[in-house]
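Asks: what's the 3D shape of this:
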Amino acid sequence: MGVQEEPVRDRYRSNERSTGQISRRQADSFSRSRWLSLQEQYEPAARFLERAIALDASYAPAWNRLAYCHAYSGDYSKAFAAMERYVTLLPSEPNPQNSYAEILRMSGNSRDALEHYSQALKIDPAFHRRRSGSLIPMR
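Replies: Now for the predicted structure:
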């Protein structure tokens, strides 16, 4: 039988408005992925995120960050798959739709990005004001 880890308050779930708990191992993997992402080492960061997800596949922030790591690495098919999971986990939150839109825009798909930005605003009409301008008008 494995050692029971003490849960850690999840400070990374603030944009999803939840107060879940994660294990120390999961928090460590997520923190390492964040540091590697800041160093633009997206593939190693993705490996740490995959570890965090293996510990709890419902950990939405890991799916979000994993999608961005894949997008920054140019692997949009993996980015979109991770985003689909993120959106599925938090269907009533605007951030997954906004993040999906950002990645679609990065890939050059402005039409679908606009749809996801619109979905974020349907979920929470005040979302764009709280995000300090992340919604970029597209023509």
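Asks: check which helix or strand the residue lying closest to residue 50 once chain neighbours are set aside maps to.
Replies: Excluding the flanking residues, the one nearest residue 50 by CB to CB, 6 or more residues apart in numbering is residue 66, at 7.1 Å. From N, CA and C alone the C-beta is placed, and that goes for glycine too. Assigned by DSSP states H and E, residue 66 belongs to helix 60-72.
Asks: contacts for the helix or strand just after that helix next, please.
Replies: Per DSSP H and E, the first helix or strand lying C-terminal to helix 60-72 is helix 76-89. For helix 76-89, contacts defined as CB atoms under 8 Å, 6 or more residues apart in numbering pick out 58, 60, 63-64, 66-68, 70-71, 96-97, 99-100, 103, 106-107.
Asks: who's in contact with the residue nearest to residue 50?
Replies: Contacts for residue 66 (CB under 8 Å, 6+ apart) come out as 46, 49, 50, 53, 82.
Asks: ok, and the most crowded of those?
Replies: When neighbours are taken as other CB atoms under 10 Å, the top entry among the contacts of residue 66 is residue 49 (30 neighbours).
Asks: what sits closest to it if chain neighbours are left out?
Replies: Among residues not flanking residue 49 along the chain, residue 66 sits closest, at 4.2 Å (CB to CB, 6+ apart).
Asks: for that neighbour, give me the pLDDT.
Replies: Model confidence at residue 66, given as pLDDT, is 97.
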